[in-house]
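In: Structural data only, the sequence is not supplied:
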Ligand SMILES: NC(=O)N[C@@H](O)C(=O)O
Ligand code: NI
């Protein structure tokens, strides 16, 4: 079995089992501010649970770029909360997810974002860490603060070679 992973274009349909694509696509949900603003509403399934009064947290991550092809060994998941990354530039980034197979991640899938697309990982979804491409850039992060352990990491025995052709 090849350990080469070719990135796919990020689409809501393909990504749906893993999370949501955050972007202003198609007609707006509705207009606000007297018609001066088109609102694309309720784009992500936020989900925070567990001990210690969990709540949403907004942060900014200054992500440094990774070179391709990427040797992927580490994926992680957040059992107590969803996690969203929205780029603050038009630069693409790599979105890596994997199905859960009895508690361990299976073969990863990689998606390349179109300019401006962000993602929301559903709670407990295996994913690679934030992987900017191109320039170092800021990302808005929406995830969980609260009690308990919200990070589970897994290292594959052999690396996957991820590329974006
Ligand atoms: N820890 C953190 O803020 N980021 C990671 O969870 C990640 O998915 O990049
Ligand atoms: Ni994460």
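Out: Ah, there it is. Values in this document were obtained by computation on a predicted structure and should not be read as measured data. Numbers count the residues shown, from 1 in each chain. Ligands and ions are numbered 1, 2, ... in the order given.
In: So which residue is dead centre in the protein?
Out: residue 119 (4.4 Å; CA atoms, centre = their mean).
In: okay, now the closest residue in space to that residue that isn't next to it in sequence: neighbour count?
Out: Nearest residue to residue 119, sequence neighbours excluded (CB to CB, 6 or more residues apart in numbering): residue 95, at 5.3 Å. Just so you know, the C-beta spots here come from the backbone N, C-alpha and C atoms, and that holds for glycine as well. Using other CB atoms under 10 Å, residue 95 has 26 neighbouring residues.
In: Residues touching the strand or helix carrying residue 95, excluding its own?
Out: In this assignment (DSSP states H and E), residue 95 forms part of strand 93-98. Here strand 93-98 makes contact (CB atoms under 8 Å, 6 or more residues apart in numbering) with 5, 7, 10, 15, 18-19, 63, 66, 68, 70, 72, 75, 85, 87, 105-113, 119, 121, 125-128, 130-133, 139, 162, 164.
In: Now, the residues you listed that are in helices?
Out: If you go by DSSP state H, those have residue 15 in helices.
In: Also within reach of ligand 1: list those from the contacts of strand 93-98.
Out: Applying CB under 6 Å from any ligand atom, the subset of those adjacent to ligand 1 comprises 127, 130.
In: Just the buried residues out of the contacts of strand 93-98, in PyMOL syntax.
Out: Restricted to buried positions by 16 or more other CB atoms under 10 Å, the PyMOL selection for the contacts of strand 93-98 reads:
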select buried, resi 5+7+10+15+18+19+63+66+70+72+75+85+87+105+108+109+110+111+112+113+119+121+125+126+127+128+130+131+132+133+139+162+164
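In: Where strands are concerned, which of the contacts of strand 93-98 count?
Out: 5, 19, 63, 70, 72, 75, 85, 87, 105, 109-112, 119, 121, 126-127, 131-132, 139, 162 (DSSP state E).
In: hmm, back to that, separation between the residue nearest to residue 119 and ligand 1?
Out: Using CB to the nearest ligand atom, to the nearest Å, residue 95 is found at 10 Å from ligand 1.
In: what pLDDT does that residue get?
Out: Residue 95 carries a pLDDT score of 98 in this model.
In: Dig out what it forms beta bridges with.
Out: Beta bridges link residue 95 to residue 111, judged by DSSP bridges.
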